[in-house]
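In: sequence? don't have it. structure:
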């Protein structure tokens with residue numbers, strides 16, 4: 001596991017780094033050595049936030065975030081969230097008979113393998129025509145519709161993009177790789 005710890009609006013002390021490394025080492029046993037883990041620690045007023053993104057070589061990206069007044073409590077909550085997500089992910093892969101080379105399933109608690117609530121249910125399907133537009137136009141359209149995201153063809157690159165509203169109130173664009 002290759003761990004990168006980044007600080008935003010906060011000085012990363014050795015104590016914070018050691019705590020993040022120690023707590024994340026508890027989930028290290030779930031993965032093979034060739035995964036990247038990025039932990040971003042930030043502070044805003046009296047709230048401390050930690051965001052952890054696990055990027056396996058193959059398979060889905062796993063991400064968890066928590067904000068607390070105490071950073072060390074937030075770290076504990078994020079590790080718990082990641083463990084829960086991994087157990088849920090294991091169940092879905094087993095139910096679909098898929099394989100994932102990045103995750104070592106023998107270390108994940110198998111007591112919830114057959115959780116009946118783990119099925120994904122699609123409640124609605126929409127079809128619509130996508131016209132080329134600029135990013136600003138797509139964001140305006142998203143706001144007019146009252147949605148939190150909007151799929152569009154970028155007029156400049158002619159590729160499929162997704163505009164979305166972030167928790168902070170600004171916007172993001174997801175582009176194809």
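Out: Cool, the structure landed. Owing to the predicted nature of the structure, the values given are computational and were not obtained by experimental measurement. Residues are numbered from 1 along each chain as shown.
In: from now on I want contacts and neighbour counts done on CA atoms only, so please keep to that.
Out: Will do.
In: burial check on residue 174, number of neighbours?
Out: Per other Cα atoms under 10 Å, the neighbour tally for residue 174 reads 11.
In: name the helices or strands packed onto the helix or strand of the chain with the lowest mean pLDDT?
Out: Taking mean pLDDT, DSSP states H and E as the measure, the helix or strand of the chain with the lowest value is helix 71-96, at a mean of 82. Packing contacts for helix 71-96, counted by 3 or more Cα pairs under 8 Å, 6 or more residues apart in numbering; DSSP states H and E, involve helix 14-28, strand 47-55, strand 62-68.
In: skip the chain neighbours and tell me the closest residue to residue 27.
Out: In this structure, residue 27 finds its nearest non-sequential neighbour in residue 83, 6.9 Å apart by Cα to Cα, 6 or more residues apart in numbering.
In: in its sheet, what does the helix or strand that contains residue 153 sit against?
Out: Residue 153 belongs to strand 149-154 when assigned by DSSP states H and E. If you go by DSSP bridges, strand 149-154 pairs up with strand 132-133 (parallel), strand 160-165 (antiparallel).
In: pull out the buried residues from the last one.
Out: For strand 160-165, the neighbour count (16 or more other Cα atoms under 10 Å) marks 161, 162, 163, 164, 165 as buried.
In: can you pull the contacts of the closest residue to residue 85 other than its chain neighbours?
Out: Using Cα to Cα, 6+ apart and skipping residues adjacent in sequence, the residue nearest residue 85 is residue 62, 7.6 Å away. Going by Cα atoms under 8 Å, 6 or more residues apart in numbering, residue 62 touches 53, 54, 55, 82, 85.
In: again, but for residue 55
Out: 35, 36, 37, 61, 62.
In: try residue 119
Out: residue 92 are the contacts of residue 119 under Cα under 8 Å, 6+ apart.
In: off-centre distance for stretch 2-15?
Out: The chain centre lies 19 Å from the centre of stretch 2-15; the measure is Cα atoms, centre = their mean, to the nearest Å.
In: also stretch 44-52?
Out: 16 Å.
In: rewinding a little: in the least confident helix or strand of the chain, what counts as buried?
Out: Neighbour counts over helix 71-96 (16+ other Cα under 10 Å) mark 71-72, 74-80, 82-83, 86-92 as buried.
In: equivalent analysis for stretch 38-54, please.
Out: The neighbour-count check on stretch 38-54 (16+ other Cα under 10 Å) flags 38-43, 48-54 as buried.
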